[in-house]
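>>> Quick one: sequence and predicted model below, then my questions.
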Amino acid sequence: MPTNIIYDGSFEGILTVIFDCYERKLEPFCISPRSNNQSSLFSDRIEIDADPEKSNRVLNGLFKKISKNGIDKLYKVFCSELPERELLILEYCKKIFTSKYNIANDFRSQPVLRVQQIVKMINREIHRMHAFVRFQKTKDDIYAATIKPDFDVLALSVDHFKKRYQDQLWLIYDIKRDYGIYYDKAELKTVQLNNPVWTERHQIKEEVLAENEKRLQIMWKKYFDSTCIEERKNMKLHLRHVPHRYWRYLPEKTIL
């Protein structure tokens, strides 16, 4: 009977699944997080909990076969949240462990090609986070920003902001996945807000903003409007570089 594997939804968890698939000779037709699982009458259900020892053994085995960049690719595939990600990671790892050479650039292999395609999608989203995140200063001197990326790339994006804003308190909150990363001028911390104060556009409400923050946004929008040359507008090109779904976070695109 086909095997349906349920795990905890963590990267450590999927590495543990890979270990158990080898150890118990499992050939799953489906691997899904516990939160997304739909039971089936026609499959064996196996639940696998994350095991640090097993996941570390898989990780150490991967490091012997591929570079750190290759491991990073697998983590980016995991962050894609695509329904195919777990089986793809399993198939990719099987290729790695059974091959006598580094398969990283063997695009004749479908799993390798698909991993590369997803990594490109993730890298594009990370780049857009770097470009389109807009901080707003709050009354307690924290620069806060909300995001809603297509993929779970917050953890992959924050090193850029840590290097750029080392002397500031800041928070970037993923409203789609309900968690954020806070920087306290020393380290990055994952946080979850109990009663977030967002507007209907999922931006920070005006009552928690610093006194001059709204005025600065208005000034920025006026500057943006004044430098825009109507005759040279090219909306097709503009949308290619600044997709419409990111406009909600840009003060120059918001009706103030």
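Here it is on my side, so go on.
>>> Give the helix, strand or coil label for the residue of the chain positioned farthest from its centre.
Here the chain reaches farthest from its C-alpha mean at E231, the gap being 37.9 Å by C-alpha atoms, centre = their mean. What DSSP: H, G, I helix; E, B strand; the rest coil gives for E231 is helix.
>>> pLDDT at it, what is it?
On pLDDT, E231 comes in at 73.
>>> Next one: it from D225, what distance?
Using C-beta to C-beta, to the nearest Å, we find E231 at a distance of 15 Å from D225. All C-beta atoms are positioned from the backbone trio N, CA, C, and that covers glycine.
>>> And I118, by the same measure?
Distance, I118 to D225, using C-beta to C-beta: 38 Å.
>>> same deal with N123?
32 Å.
>>> neighbour count winner among the two?
Ranked by neighbour count (other C-beta atoms under 10 Å), N123 and D225 place N123 first, with 14 against 9.
>>> And the pLDDT at that one?
For N123, the predicted pLDDT is 97.
>>> next one: M1
54.
>>> quick one: contacts for L82?
The neighbours of L82, taking C-beta atoms under 8 Å, 6 or more residues apart in numbering as the test, are L88, I118.
>>> For V119, see how far away it is.
On the measure of C-beta to C-beta, L82 and V119 end up 12 Å apart.
>>> Over to E53?
28 Å.
>>> From the neighbour counts alone, determine which of these two ranks first.
Taking other C-beta under 10 Å, E53 and V119 do not tie; V119 has more neighbours (18 against 8).
>>> Correct me if wrong, but that one is in a helix.
Yes - membership of V119 in a helix is supported by three-state DSSP.
>>> can you pull the contacts of it?
By C-beta under 8 Å, 6+ apart, the neighbours of V119 are K73, K76, V77.
>>> quick one, helices of the stretch 1-150 of the chain?
All helices of the stretch 1-150 of the chain, identified by DSSP state H, counting those that start in this stretch, fall at 11-23, 52-65, 68-79, 85-98, 110-132.
>>> hey, which of those is tucked in deepest?
Across those, averaging neighbours per residue (mean count of other C-beta atoms under 10 Å) puts helix 11-23 on top, at a mean of 21.
>>> Could the C-alpha coordinates of that one be exported in CSV?
Extracted in CSV, the C-alpha atoms of helix 11-23 (Å, rounded to 0.1, in the frame of the first residue of the first chain):
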residue,chain,number,x,y,z
PHE,A,11,13.7,21.6,7.7
GLU,A,12,15.1,19.4,10.5
GLY,A,13,12.0,17.3,10.1
ILE,A,14,12.4,16.7,6.4
LEU,A,15,16.0,15.7,6.9
THR,A,16,14.8,13.2,9.5
VAL,A,17,12.3,11.9,7.0
ILE,A,18,15.1,11.3,4.5
PHE,A,19,17.0,9.4,7.1
ASP,A,20,14.0,7.2,7.9
CYS,A,21,13.3,6.6,4.2
TYR,A,22,16.7,5.1,3.8
GLU,A,23,16.8,3.2,7.1
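>>> who touches it?
Applying C-beta under 8 Å, 6+ apart, the external contacts of helix 11-23 come out as 5, 7, 26-28, 31, 48-52, 54-55, 57-59, 75, 78, 86, 89-90, 93, 97.
>>> repeat that for 6 Å
5, 7, 48, 50-51, 54-55, 58, 78, 86, 89-90, 93 (C-beta atoms under 6 Å, 6 or more residues apart in numbering).
>>> Stretch 89-99 now?
Here stretch 89-99 has contacts from I14, I18, K65, I66, L74, V77, I103, P111, V115, using C-beta under 6 Å, 6+ apart.
>>> and those residues, which two are the farthest apart?
Within those, I14 and I103 form the most distant pair, 18.9 Å apart (C-beta to C-beta).
>>> Low-confidence ranges, the stretch 51-200 of the chain, go.
197-200 (pLDDT under 70).
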